[in-house]
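test case, fold it:
(3 chains)
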Amino acid sequence: MRRAEIITALLMAGLSIYLMVKSAELPIGWIPGEGPGGGFWPFWLAAFMLGSIIWVIVNWFRRKSPPSQSEEPYLDAYGMKMFLLVGGGITGMIALVDIIGMHLAAAVFLIYYIRFLGGHSWKVTLGVALPTPVVTFLFFDIALRKFLPTGFMDPLYIPLYDFFL
Amino acid sequence: MELIGLLSDGFLVAFEPLNLGLIVLGVVVGLFVGAMPGLGSVNGVAILLPMTFLVPPASAIMFLAALYYGAMYGGAISSITLGIPGASTAVATTFDGRPLAMQGEADKALIAAALASFAGGTISIVLFTLFAPPLASVALDFGDPEIFALMILAFATFVGLSGDDIAKTVFSICIGMVMSAIGFDIISGEPRLVLFDLIGFQSKINFLVLAIGIYGIGEMMWTIEVSRGETMMSKVTVSVERVMGNLKIIWGTWKAWFMGSVLGFFVGILPAAGATPGSLMAYGVAKMTSREPQMFGKGAVEGVVAPEAANNAASTGSMLPMLTLGIPGSPTTAVLLGGMVIWGLQPGPRLFVTETDFVWGLIASLYAANLFAVIINIAFIPLFLWFLRTPFTILAPLIFVLSMVGGFASTERMFDVWLMLILGVGGYLMRKLDYPVAPAVLAIVLGPIAEPALRQSLLISSGDVMVFFNRPISGPIMIIALILLFMPAFQVVWRRIRGKKPMAG
Amino acid sequence: MKTFVKKLLGVGITVGLVSGFTAIAGKTALAWEPVKPIQFVVMAGKGGGADKLARLIQSIIEKHKLSPKPVTPINKPGGSGAEALVYMKNHKDPDHAIMVTLNSFYTTPMRQPKLGVDPMTFAPIARMAEDTFVLWVHKDAGIKTVDEYVKAAKAAGNQWIMAGTGKASEDNLLADFLNAAYGLNMKYVPYKGGGKVAKQLAGKHANSTVNNPSEALGFYEAGTVVPLASFTDERLPMFKDTPTFKELGQDFVYYMQRSVVGAPGMSKDALAFYQGVFKKVYETTEWQTYIKKKSLQGELLQGDALASYWKRENEVHRKMLVKMGAIKG
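Numbers count the residues shown, from 1 in each chain, chains lettered A, B, ... in the order given. Modelled structure (predicted):
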């Protein structure tokens, strides 16, 4: 935990500096007679971010905040495993959207999670995973006309659109 | 009384079978649209707007107003049951609604939210009926300095409410504000903070992308890790005694919801402010005036009723400038204004004179919609509780899917879905280190209102900061805001002087 | 077909080009039809000016069933149109993507050359109308004519606030014109959207605006704001007593297009289909009432006539931006 605290703080300090540099593409100062320039607001807020991060780092050296005192691991074995399995699963699902579309990606993810992470029976798994794309299609695409991405499955949807719309 | 005559004429219009049917339908649709993370009243109204061409304007606005109302009720449902605010207006509801649900008191929170919404709606409609035209001029008097002062006040009522680590809270507020500055600077007309020169960063990070990422993905991952795979949601049973007991507790919080209603209504009237600052201020005020402020954030019923009463009151309030001035009081009313264009009506000061049927029919329909919304909402509560009883290993992936679909539906960009994932995972990793996430979520809503108001004020005053202090409305607001803002610091100093250690939290 | 050609001719466009184009449109309008929902991209957020327009058009199409597949608005508000333009440029299925545009169609690509967008590559579906601009003041200012306006604004110097919609926007161009033509030093304060601008004037937070009539109409009808002069060729029917700047000896007219464009790379057949749809939209009573009520001008322009209109307007805007110092010549 203690090491994670300082690594995160340093990363965030880097982010703050990047944001400050990026904000400085527009005037960050006070333009006489006009008030603040276009970069003023984000620049100084990013500066405050940096300031508060320095404060966090000071607290780390002084061991004042709870994470800087804790010697527990930031992510234990279980936490790490779940982080990779769940986070990886979601990443995979989103990556699949461009290929098989959002509806089917959701179904694949549900099968992965419920069957393999959750350990439920195939009956339960398919009972949830199969209706989901149908329900999302009917609710979003048809009822609300928010058309979700279809990826390379686009031709499959044309008869559906013909039928429902 | 002329008012009563007009209102009863309005009721005759609202209770025509077509209109009544549309009101009920609008409430039901709104409830579900509002409960779905990623959709909210803005999306609901925008999506259904073209359908309303088929009915007369008065029926159309009643339908959409009912939908707006229903969505305001619905927003609380996802805040409480899933911990994901469906819209920015429901963020404050998560603070105490979520802990209540975790403690197995989801039913209490849901009923409290529904009844508080009803109270907020009703109180605000009465205020609307009585004072609509005179209040319109108040909205006009609100210029940029006033709006900026109000935003500072919204922040001030909130500061010190969350997070034990001040440095990390400041960081969270600032990063939220910076995220909202990404994209385009309206004043100079230049692209700004286009991170890594990606075209997706040409527009600001949408509130919903951050909120769904943080709450839908980040909080869920956190829950999975902490719960070690065991269910955290305790079972909720429904019984008559339980309901009666809950009602008693909710009645006991009348001070919180009454103040929330009035505050929400007045903030809602002001152009640009809308329901989100209103609900935050109501939460802050409820905490300040509560006898048990330490319970806030840990499942205080007052912390649910105050923001819920306020956001419903504000949604009524925001219709006032829309009808009387043609200025939207919230994003949703901006879309409704578009609807009035479609129906061939000209919103503005003359509307109350030229379109009495339309205006009073709408006002009467708000009473009806509010009543139906509370009944329908309470009738659906067992359904939401049943949803919560699903095993966690099924509920969690469904929430992830919902987050992805909702994150896409709100902006229709895959870029935002990826951004949501990154923000969610980042939020989870930071949260483990005690970085509070709520301030960032609020900052991303308030930032885009505060910054232009600040710069427009200074542009007009030629850079003179006194513009915030020497005007009759902004001056007092600003001074109160600054006092509240620095109160925690004063308290620390005061305790130091008296030789005591500052208390944590 | 005859009436179609005739009507377009009435618009006053070059004969050869148009009849050639409409012949294609006539033959293939039946041949091509959308097979899936049509994305109607809006370069503004929900509730913005372009958004309202898109949803009005969507309603008309739905009501009269003008398209076999629904037209669904998608908001791409980023960077004053930049996001929408790039989205259209890179669209994988240009036959199912159309966009409603304003004058930022010209100015945004000029101000952000990095985007690599050329407005001339977009498919010319239809110019549905042109919005007009009028100079407004608050009635309490007691100003009735442009002369009085110039006098008051001169006396106030840079304390005279002109509210408008964003830097380098249409409103800004007009404010710059007024400053130059009358030797004024008005301060231009940008707001997000014409509705907010109108409110600034009605609440006396600004001294004047150059709102579109549709934005100021509510306050005009209530007598809160007063029109002084319009930036049009002829007096607007709605404001018969209000002179044009042309009458006052200033050769300055300015309009904002309300056009619908197809994604670059749209097939000819698809283009013809959309031109047919929008011609029908233009002719509906709903659209005609809207034009009249909101004091819009301009006839329907399609195909090559629209493309040459864009070419002309593009140059006009380039010159104006150079003069303003917003871009280099």
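
by residue count, what's the longest helix in chain A?
Among the segments of chain A that qualify as a helix by DSSP state H, the longest is helix A:77-110.

likewise for chain C?
Longest helix in chain C, counting residues (DSSP H): helix C:303-324.

pull out the buried positions in that one.
C:303-306, C:309-310, C:313-314, C:317, C:320-321 (16 or more other CB atoms under 10 Å in any protein chain shown). C-betas here are computed from N, CA, C, even on glycine.

and those residues, which is closest to chain B?
Comparing the buried residues of helix C:303-324 against chain B with CB to the nearest CB places C:Leu321 closest, at 10.8 Å.

is it true that the closest one touches C:Arg111?
Yes - if you go by CB atoms under 8 Å, C:Leu321 and C:Arg111 touch, sitting 7.1 Å apart.

can you give me the helices in the stretch 151-300 of chain C?
C:170-182, C:194-202, C:213-221, C:268-283, C:285-293 (DSSP state H, counting those that start in this stretch).

of all those, which one is nearest B:Gly447?
Among those, the nearest to B:Gly447 by CB to CB is helix C:194-202 (17.4 Å).

how far is that closest one from where the chain is centred?
Distance of helix C:194-202 from its chain centroid, counting by CA atoms, centre = their mean, to the nearest Å, is 18 Å.

neighbouring contacts of that helix?
With contact meaning CB atoms under 8 Å, 6 or more residues apart in numbering or on different chains, helix C:194-202 is reached by B:140, B:143, B:271-272, B:325-328, B:334, B:337, C:49, C:136-138, C:161, C:163-165, C:171, C:189, C:191, C:206-209, C:211-212, C:214-216, C:218-219, C:224-225.

mind listing what B:Ile175 touches?
Residues near B:Ile175 by CB under 8 Å, 6+ apart: A:49, B:440, B:443.

tabulate these (JSON lines), appending neighbour count and secondary structure.
As requested, the contacts of B:Ile175 are exported to JSON lines (neighbours: other CB atoms under 10 Å in any protein chain shown; DSSP: H, G, I helix; E, B strand; the rest coil):
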{"residue": "A:Met49", "neighbour count": "26", "secondary structure": "helix"}
{"residue": "B:Ala440", "neighbour count": "26", "secondary structure": "helix"}
{"residue": "B:Ala443", "neighbour count": "24", "secondary structure": "helix"}
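
taking chain B, what residue is nearest to chain C?
Counting by CB to the nearest CB, chain B gets nearest chain C through B:Gly348, at 2.2 Å.

so that residue sits against B:Ile327, correct?
No - in this structure B:Gly348 lies outside contact range of B:Ile327 using CB under 8 Å: 9.4 Å.

of the two, who's got more company?
Neighbours were tallied for B:Gly348 and for B:Ile327 using other CB atoms under 10 Å in any protein chain shown; the higher tally belongs to B:Ile327 (30 against 24).

mind checking what secondary structure the more buried one has?
The three-state assignment at B:Ile327 reads coil, by DSSP: H, G, I helix; E, B strand; the rest coil.

go through stretch C:273-289 and flag the buried ones.
Within stretch C:273-289, the residues that count as buried by 16+ other CB under 10 Å are C:273-279, C:281-282, C:286-287.

how many neighbouring residues does the closest residue to B:Ile381 other than its chain neighbours have?
Spatial nearest neighbour of B:Ile381, excluding adjacent residues (CB to CB, 6 or more residues apart in numbering or on different chains): B:Leu110 at 5.0 Å. The local packing of B:Leu110 (other CB under 10 Å) involves 28 other residues.

need the contact list for B:Leu110.
Under the criterion of CB under 8 Å, 6+ apart, the neighbours of B:Leu110 are B:76-77, B:80-81, B:381, B:384-385.

for the biggest helix by length in chain B, give the mean pLDDT please.
Criterion DSSP H: the longest helix present in chain B is helix B:106-141. Averaging pLDDT along helix B:106-141 yields 89.

which other residues reach whatever helix or strand comes next after that helix?
Proceeding N to C from helix B:106-141, the next assigned helix or strand is helix B:144-158, under DSSP states H and E. For helix B:144-158, contacts defined as CB under 8 Å, 6+ apart pick out B:173, B:267, B:270-273, B:277, B:280-281, B:283-285, B:288, B:439, B:442, B:446, B:449-450, B:452-454, B:456-457, B:460-461, B:467-468, B:471, B:473-475, B:477-478, B:480-482, B:484-485, C:205.
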